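Asker: pasting the sequence and the predicted coordinates here, then a few questions.
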Amino acid sequence: MKLMAIPKAPKSRLFFLGEDPVRLLKLAADSNNLNVGKQIHAHLVVTNKVSSHNNVAQTTSVINLYGKCGRVSVARHLFDSMPKRNVVSWGALMAGYLREGLALEVLVLFKSMVSVDNMRPNEFVLTTVVSSCSSCGRVEEGKQCHGYVLKSGLEFHQHVKNALVHMYSKCSDVKGAMRVFSTVPGYDVFSYNSVLDGLVEHGHQKEAMEVLSLMVGEGVAWDSVTFVNIFGLSSCLRNLRLGLQVHCRMLKTNIEYDAYVYSTIMDMYGKCGKLAYAVRFFKCLQTHSVVSWTTIMAANFQNGYFEEALNLFVKMRLEDISPNEYTFAVLLNSSASLSVLRHGALIHACAEKLGFKDHVIVGNALINMYAKSGNIEAAYEAFSDMIHRDIVTWNVMISGYSHHGLGKEALNVFQDMLTAGDHPNYITFVAVLSACAHLGLVQQGFYYVNQLMKQYCVEPGVEHFTCIVGLLSRAGLLDEAESYMRSVSIKWDSIAWRTLLNACFLHRNYGLGRRVAEIVMQMDHNDAGTYLLLSNMYAKARRWDGVVKIRKLMRERNIKKEPGVSWVEIKDTAHVFVSEDKSHPESRQIYEKVAELLVKIKLLGYAPDITAVLHDVEDEQKEDYLSYHSEKLAIAYSLMKTPSEAPIRVIKNLRMCDDCHTAVKLISKLTNRVIIVRDANRFHHFKDGYCSCADYW
């Protein structure tokens with residue numbers, strides 16, 4: 001007779017026989033085994049051991065189980081049904097809420113625990129509550145919890161101290177983090193990591209180095225987070241030696257490292273100018289992730305290899321790795337640096353298709369790309385479409401308008417920023433003061449520096465004072481600008497003096513200009529632009545002996561004028577033009593088009609500005625020199641190849657000369673086209689015979 005096989009009982013059910021349910025629930029919770037936990041819970045319900053007056057421990061263990069397994073609503077239901085609770089019950093539910101990212105619920109529970117149940121929290125509850133303040137950025141509530149910790153005498157518990165240090169660091173209160181760190185004895189690696197992270201993130205590199213020295217002196221063992229923080233510190237300091245030492249130490253340890261650590265190494269080498277090291281490290285990785293690809297793209301971008309950064313994206317896609325929001329930010333900023341509008345628009349479309357358009361970092365990069373590529377309208381459209389904005393968003397938009405000479409629009413966005421309740425920072429005021437300079441708003445500019453910056457606790461720096469110099473200079477107050485520079489007790493750089501020098505040239509104050517040029521040349525012997533501007537002044541005054549003197553000085557110092565180059569993007573191709581160059585395949589037609597345009601604009605009042613030619617030759621020859629500057633060639637070619645309603649966008653490597661500026665104004669009127677020229681200083685928007693710079697650049 002064949003015996004029937006007896007089915008085996010599920011292994012999980014065997015736990016119930018002679019085992020402590022509390023211990024079993026803890027095991028299930030720690031291993032995230034919800035199924036086993038539910039069976040134990042069912043067993044306790046059947047045996048009437050849940051929610052009874054004498055079984056607080058079992059009910060609390062069930063709450064802990066559901067909280068750790070992501071069923072916080074079930075945990076809350078059990079908690080609310082408990083006739084009696086203890087501090088562990090409160091702590092278990094709070095921890096469940098925190099784990100699910102519901103930090104505000106933790107704070108509500110804590111207030112109820114203290115005020116309604118009049119229960120005294122222990123160190124574990126306070127650790128959870130302080131951590132919740134970190135998660136939701138509630139520094140004021142965090143400070144109140146800190147006060148409660150001090151009153152309870154629990155500040156010496158390591159978990160509580162670590163939570164406080166982490167809270168202050170994450171809430172940007174670095175002084176508070178350092179105060180806890182330095183006054184409460186006993187440090188572990190988590191304490192050091194929290195302080196280092198906060199100091200590095202908020203730019204306190206000097207203090208971070210001091211904490212690192214203390215950590216080394218105490219012999220605290222490092223973990224992977226420590227290495228990430230210190231590689232980040234090396235990147236901020238551009239300290240290659242420190243980075244190499246840390247990398248060497250990492251190789252000697254047996255810690256397992258993830259892709260994030262490897263990416264911080266590549267980022268460190270990239271920011272320290274050792275792109276080859278970063279590339280070599282990248283190639284040594286056995287597997288590549290979106291993090292490593294994005295990091296190596298960023299390293300190329302940071303070192304000026306914008307085209308290579310864009311090419312790496314193609315290689316990444318061939319490995320079937322999907323980009324993230326940081327990838328798109330690097331790609332868009334690389335496109336911005338190359339001013340390749342069409343390529344940037346394609347990346348924009350790709351980001352939108354993959355669902356990354358609404359990420360703040362992508363939106364910021366979109367504004368930057370469109371603004372730097374000459375399409376300020378598209379930049380504002382991207383700005384308007386953003387659901388969330390941060391300080392970078394406002395700064396990029398205000399700076400974009402300012403760079404395009406649209407000072408009124410820049411100040412309008414600034415007012416919107418203040419209305420929205422966002423606080424301007426150092427960079428914001430540089431852009432705002434630059435906008436004031438474009439509009440000649442002298443009194444308003446001084447109000448921003450002397451009053452509004454103090455109101456927002458922003459200390460003025462050399463960039464802000466340079467904007468004031470530009471503001472006074474644009475208004476024609478050159479003597480006041482010079483007096484201002486001599487009265488303000490800061491170390492002026494060559495950019496500030498060059499700002500005044502450029503104003504002297506534009507306002508034809510050549511006496512002051514020559515004095516300022518001497519100062520600039522003493523500060524920077526190799527600045528070709530200063531020599532050329534001084535030579536221009538002599539030429540304008542027909543002081544050819546002065547021109548000869550400057551040219552001789554340039555030869556002696558081996559200073560060469562960079563050739564004028566302009567380029568335009570037609571469909572998928574960039575066309576590059578050099579002044580008086582005939583290497584373009586269609587150069588004959590281009591030169592004919594330029595000649596045709598010059599003849600027609602002469603009927604509108606154009607007269608070649610031969611004073612812009614720095615050679616002592618006949619006037620007819622000077623006119624020939626002017627006719628075929630690179631921007632004229634680029635504009636002529638664009639008129640030949642683009643639809644009549646399309647705007648023309650030209651990028652130029654040098655400052656636009658006076659003659660070309662006048663000619664392009666009239667060409668825009670003649671052809672009824674919008675012509676946008678980005679030169680070394682700014683954007684010029686030409687339309688109907690006018691320029692956005694109001695002839696001051």
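Answerer: Now that the structure is in, tell me what you want to look at.
Asker: and the helices in the stretch 451-600 of the chain, which stretches?
Answerer: For the stretch 451-600 of the chain, applying DSSP state H, counting those that start in this stretch gives helices covering 453-455, 462-474, 478-487, 494-506, 510-523, 528-540, 544-556, 587-602.
Asker: tell me the angle of the fifth one relative to helix 528-540?
Answerer: Read that as helix 510-523. With axes from the mean of the first three to the mean of the last three Cα atoms, to 10 degrees as the basis, helix 510-523 and helix 528-540 are set at 160 degrees to each other.
Asker: repeat for the last one
Answerer: Following the same axes, to 10 degrees, one obtains 50 degrees for the angle between helix 587-602 and helix 528-540.
Asker: show me how far helix 587-602 is from its chain's centre.
Answerer: 44 Å (Cα atoms, centre = their mean, to the nearest Å).
Asker: in CSV: the helices of the stretch 451-600 of the chain, plus distance to Gln443, mean pLDDT and mean neighbour count.
Answerer: To be clear about C-beta, it is placed using only N, CA and C from the backbone, and glycine gets the same treatment. Formatted as CSV, the helices of the stretch 451-600 of the chain follow (distance: least, Cβ to Cβ, whole Å; pLDDT from 0 to 100; neighbours: other Cβ atoms under 10 Å):
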stretch, distance to Gln443, mean pLDDT, mean neighbour count
helix 453-455, 15, 95, 14
helix 462-474, 10, 95, 23
helix 478-487, 13, 94, 16
helix 494-506, 19, 92, 22
helix 510-523, 24, 91, 18
helix 528-540, 29, 86, 21
helix 544-556, 38, 87, 14
helix 587-602, 39, 94, 16
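Asker: take these and lay them out in TSV including distance to Asn303.
Answerer: Compiled in TSV, the helices of the stretch 451-600 of the chain are given as follows (distance: least, Cβ to Cβ, whole Å):
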stretch	distance to Asn303
helix 453-455	34
helix 462-474	24
helix 478-487	34
helix 494-506	23
helix 510-523	27
helix 528-540	24
helix 544-556	30
helix 587-602	35
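Asker: and of those, who's closest to Ala420?
Answerer: Closest to Ala420 of those is helix 453-455 (Cβ to Cβ; 16.4 Å).
Asker: show me the contact partners of that closest one.
Answerer: Phe429, Glu459, Pro460, His464 (Cβ atoms under 8 Å, 6 or more residues apart in numbering).
Asker: test my guess that the third one contacts Val449.
Answerer: Yes. In this structure, Pro460 sits in contact with Val449. The criterion is Cβ atoms under 8 Å, and the distance is 5.6 Å.
Asker: tell me how far the host helix or strand of Lys315 is from the chain's mean position?
Answerer: Assigned by DSSP states H and E, Lys315 belongs to helix 306-318. Taking Cα atoms, centre = their mean, one finds the center of helix 306-318 at 21 Å from the center of the full chain.
Asker: low pLDDT regions in the stretch 51-200 of the chain?
Answerer: Within the stretch 51-200 of the chain, the ranges that satisfy pLDDT under 70 run 51-54, 184-186.
Asker: mind running it again at 50?
Answerer: 53 (pLDDT under 50).
Asker: all the strands of it, residue numbers only.
Answerer: Under the criterion DSSP state E, counting those that start in this stretch, the stretch 51-200 of the chain contains no strands.
Asker: overlap in contacts of Pro460 and Val449?
Answerer: In contact with both Pro460 and Val449: Phe429, using Cβ under 8 Å, 6+ apart.
Asker: one step back: closest one to Arg342 among the helices of the stretch 451-600 of the chain?
Answerer: Taking Cβ to Cβ, helix 587-602 is the member of the helices of the stretch 451-600 of the chain nearest to Arg342, at 21.3 Å.
Asker: packing partners of that closest one?
Answerer: Helix 587-602 makes packing contacts with helix 619-627, helix 630-641, helix 658-671 when contacts are defined by 3 or more Cβ pairs under 8 Å, 6 or more residues apart in numbering; DSSP states H and E.
Asker: most tightly packed of those?
Answerer: helix 630-641 (a mean of 23; mean count of other Cβ atoms under 10 Å).
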